[in-house]
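Asker: Sequence and predicted structure below; questions after.
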Amino acid sequence: PTKIQSRVKMGFASVACHGLRMSSWIAPVSVLRRSGVRCLTTSVASLASPSEGLDRIRNIGISAHIDSGKTTLTERVLFYTGRIKAIHEVRGKDDVGAKMDSMELEREKGITIASAATYTTWGDHSVNIIDTPGHVDFTVEVERALRVLDGAVLVLCAVGGVQSQTLTVDRQMRRYNVPRIAFVNKCDRRGANPTKIIEQIRTKLRANAAAIQIPIGVEDELEGVIDIIERQAIYFEGPNGEQVVRKEVPAKLVDEMEATRMTMIETLADVDEEIGDMFLMEETPSVEQLKTAIRRQTIGLKFVPVAVGSALKNTGVQPMLDAVCDYLPSPGEVPTVALDTDNNLAPVPLTPGDSNAPFVGLAFKLEKTQFGQLTYCRTYQGVLTKGDFIYNISSDQRRKKIKVPRLVRMHSDEMEDVTHVGPGEICAIFGLECESGDTFTDGSQQLVMENMFVPEPVMSLSLKPKNTTDMDALGKALNRFTKADPTFRVHIDSETGETIVSGMGELHLEVYKERLLREFNVETITGMPKVSYRETITQPAKYDYTHKKQSGGSGQYGRVSGTVEPIVAPDDGSDSEDVDVNANVFVDNTVGNNIAKNYVPAIQKGFEEACEVGPLTGHPVQGVRFELKDGNQHAVDSSEMAFRAAGVGAMKQAVNLANPQVLEPIMKVEISVPEEFQGTVIGGINKKSGTVLDSATQEGYCTVIAEVSLAEMFGYSSELRSATQGKGEFSMEFCKYAPVNMGKQAELMKAYQEELKQKRK
């Protein structure tokens, strides 16, 4: 730039950069962030090679249980880093709302519905941030964010601690090997106890966690935090806590600080060889040695540093940002592997540090805008430049060149055009027709990235427009929603012609119904919610089925025999994670040439087709191991079509002989109510034939954890509000499938038979 103005005022520096767009330049500004210096540069990228600043990039997600303060924390991060000029609250009185809650529906409900991306700078680091929802109904937003991020901040409430969705988020982080730091938020709340929360992280999440900070006071006496590594007290002054002041530790807290510091060193010594040797030799590690060890083991997924504070009270956010830069990995420090489609999906290590390497990127989120489809993309290797030609390796048109017409960086719902993005960065691209999870390359290699995990929907309902003239608009809207959200499914009932939508819960489907009205002006009528039941077998059975059809000329003939048996989790206490009791397994154990091997895939397709509609209620069949042992074929009449029909018939025959049973989805429910309503809530759970797993009381509030059938949870939100004078709240997530009682099974079978009779008419 030709002109740089710097000024220092009230303990922070404001740097205004002129002449260059932020997204095409990394400002050569060294900021003393530990002295409370605030950087107001609003643009970051690189004049030099994109890979030279790779070690200064952090891609992080902020995840937690609902109402733990994720969006409030992100709002403070954006303010202290200079990306926004004023702080607005999630449920603000100024009708503005938090920056990352850009959807009107989010600001009304006070919850995050869709993950939002932004980028900022802290010191000499560039930080890409994705703020994710906390409600389990929108868990896919967390899933795809963690798929493309290098690190995460796990936010916990200093009162609620580890809650149901915290456990879900922890599983998601472990699934993608995402290093994390923890931030114990809301230390200003009545009943706050950060020490207890850290112990919960260690016991409930089984994480090797230790505090790197302790609060100076708790509840309404919260004044600041103590950095136990550097032995300094940190206070946050100014109207919004923007002035970071470091002082000596208060005398009354010195003993607590030293004890916590020793606990941290002991915890670190358990996993780090260098610190372990020093601990055994009774040597005191230096500040630099501690920080290096914490970073090494955090990246190695063996240690979780815990920061504390209160985002709402503007306390502890800047030290948390320091921890993000100090302890979470850069893109070059996270091993990344792609799969070579030309070599039987052999793993190929990617090299983000090499700016000359071929481009590889992953589309992880789609949005429809007034300018067309907006595709969020993470670049894993190489450089992507506006105007480049790329190839969608995941699609059937992998040989078709696609031009990149426009590249932007996202700041919630705002966009800034950029000319290029380097490895490790997150951007958005206009004009790409693709699906979420597609891989793009420059065409020199046929590589695909491993896709993310997508949970199955657990609830369905029928949907139709109030006005028949809105049918086209409804179809376009549903197509847009299904493309952007893989957990939102739509299909047409082949018999009734009804449009059936499926999702992760009541709130999930309610939000989409509301969006249809607001965004597309389509008012809809919904039918009764439908539970996604399943069927299974309870005992082994043998089958011997012959498909024979003769209608002139060559006929159809295929005979198959074998056994079916239920897939059950081991009951010997061994690890059952590798046993998927909800899957179906086809096993070919044929010997000889009674059935030609080229007919076996057709039999498997027939088996899978039969599993789509169960004999009792018409719901899918799961948990079946289908073993093909023998059969017979005809020299003229046998064909793939014949053996596919034989596979369908054999499966139907076997299921009826194997004592089939209906399964229903069981939800894990966590309810938080004032203590005086504990008996009312537990009584309500018992009426629903639920099982209370745990009940704990703290500071006047009771938390009840139970397992309840999803069919019993419809309308529970209104029921709970009525029973607790509006003071209760709950969250739930899918837990497992379990058998229904015989009375309920008889009702479902009768309803299914009545439905079949109506269809025959």
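Answerer: Sure thing, it's come through.
Asker: contacts, neighbours, all on C-alpha from now
Answerer: Will do.
Asker: Name the strands paired with the longest strand belonging to the chain and say parallel or antiparallel.
Answerer: Ranked by residue count, the top strand of the chain under DSSP state E comes out as strand 660-674. Sheet neighbours of strand 660-674, with direction, are listed as strand 534-537 (antiparallel), strand 701-709 (antiparallel), strand 729-739 (antiparallel) (DSSP bridges).
Asker: from the middle of its chain, how far away would stretch 276-283 be?
Answerer: Distance of stretch 276-283 from its chain centroid, counting by C-alpha atoms, centre = their mean, to the nearest Å, is 40 Å.
Asker: okay, now Tyr752: neighbour count?
Answerer: 17 (other C-alpha atoms under 10 Å).
Asker: Next SSE downstream of the longest strand of the chain?
Answerer: helix 678-687 (DSSP states H and E).
Asker: from the chain's centre, how far out does that next one sit?
Answerer: 31 Å.
Asker: May I have the longest strand of the chain exported as CSV, CA atoms only?
Answerer: Extracted in CSV, the C-alpha atoms of strand 660-674 (Å, rounded to 0.1, in the frame of the first residue of the first chain):
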residue,chain,number,x,y,z
PRO,A,660,-40.5,-60.2,12.2
GLN,A,661,-40.8,-57.3,14.6
VAL,A,662,-41.6,-53.6,14.3
LEU,A,663,-38.9,-51.2,15.7
GLU,A,664,-39.5,-47.5,16.7
PRO,A,665,-36.9,-44.7,17.0
ILE,A,666,-36.0,-44.0,20.6
MET,A,667,-34.8,-40.4,21.4
LYS,A,668,-32.5,-39.4,24.2
VAL,A,669,-34.2,-36.4,25.9
GLU,A,670,-32.6,-33.9,28.2
ILE,A,671,-35.0,-31.7,30.1
SER,A,672,-34.0,-28.7,32.3
VAL,A,673,-36.6,-27.3,34.7
PRO,A,674,-36.8,-25.5,38.0
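Asker: which residues touch that strand?
Answerer: By C-alpha atoms under 8 Å, 6 or more residues apart in numbering, the list of residues contacting strand 660-674 from outside reads 163-164, 458, 531-538, 616-617, 700-710, 724, 727-740, 745.
Asker: what angle separates that strand from helix 678-687?
Answerer: For strand 660-674 against helix 678-687, the angle by axes from the mean of the first three to the mean of the last three C-alpha atoms, to 10 degrees is 170 degrees.
Asker: Apart from its chain neighbours, what residue comes closest to Lys186?
Answerer: Nearest residue to Lys186 in three dimensions, chain neighbours excluded: Ser310, at 4.5 Å (C-alpha to C-alpha, 6 or more residues apart in numbering).
Asker: dump the residue contacts of that neighbour.
Answerer: Residues near Ser310 by C-alpha under 8 Å, 6+ apart: Val184, Asn185, Lys186, Cys187, Asp188, Gly316, Val317.
Asker: Now do Phe364: how many residues are near it, please.
Answerer: A count of nearby residues for Phe364, using other C-alpha under 10 Å, gives 23.
Asker: can I assume it sits in a strand?
Answerer: Yes - counting by DSSP: H, G, I helix; E, B strand; the rest coil, Phe364 is part of a strand.
Asker: quick one on the thing from earlier: ranking the strands paired with strand 660-674 by burial, who's on top?
Answerer: Counting by mean count of other C-alpha atoms under 10 Å, strand 534-537 has the highest mean neighbour count of the strands paired with strand 660-674, with a mean of 26.
Asker: After it, which helix or strand is next? Please name it.
Answerer: That would be, after strand 534-537 and using DSSP H and E, strand 541-549.
Asker: which strands and helices sit next to that following strand?
Answerer: strand 556-566, helix 640-657 (3 or more C-alpha pairs under 8 Å, 6 or more residues apart in numbering; DSSP states H and E).
Asker: buried set for the longest one?
Answerer: Taking 16 or more other C-alpha atoms under 10 Å as the basis for neighbour counts, the residues of helix 640-657 that come out buried are 640-655, 657.
Asker: and if you look at the first one?
Answerer: Neighbour-count burial for strand 556-566, with 16+ other C-alpha under 10 Å as criterion, is recorded at Gln556, Tyr557, Gly558, Arg559, Val560, Ser561, Gly562, Thr563, Val564, Glu565, Pro566.
Asker: C-alpha coordinates for it, PDB please?
Answerer: The C-alpha trace of strand 556-566 is given here as PDB (Å, rounded to 0.1, in the frame of the first residue of the first chain):
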ATOM      1  CA  GLN A 556     -37.800 -66.800 -16.300                       C
ATOM      2  CA  TYR A 557     -36.200 -69.200 -13.800                       C
ATOM      3  CA  GLY A 558     -34.100 -68.800 -10.800                       C
ATOM      4  CA  ARG A 559     -33.800 -70.800  -7.500                       C
ATOM      5  CA  VAL A 560     -32.000 -69.600  -4.400                       C
ATOM      6  CA  SER A 561     -31.600 -71.100  -1.000                       C
ATOM      7  CA  GLY A 562     -29.800 -70.100   2.200                       C
ATOM      8  CA  THR A 563     -30.400 -68.600   5.600                       C
ATOM      9  CA  VAL A 564     -31.200 -65.200   7.300                       C
ATOM     10  CA  GLU A 565     -30.300 -64.200  10.800                       C
ATOM     11  CA  PRO A 566     -30.600 -61.000  12.800                       C
END
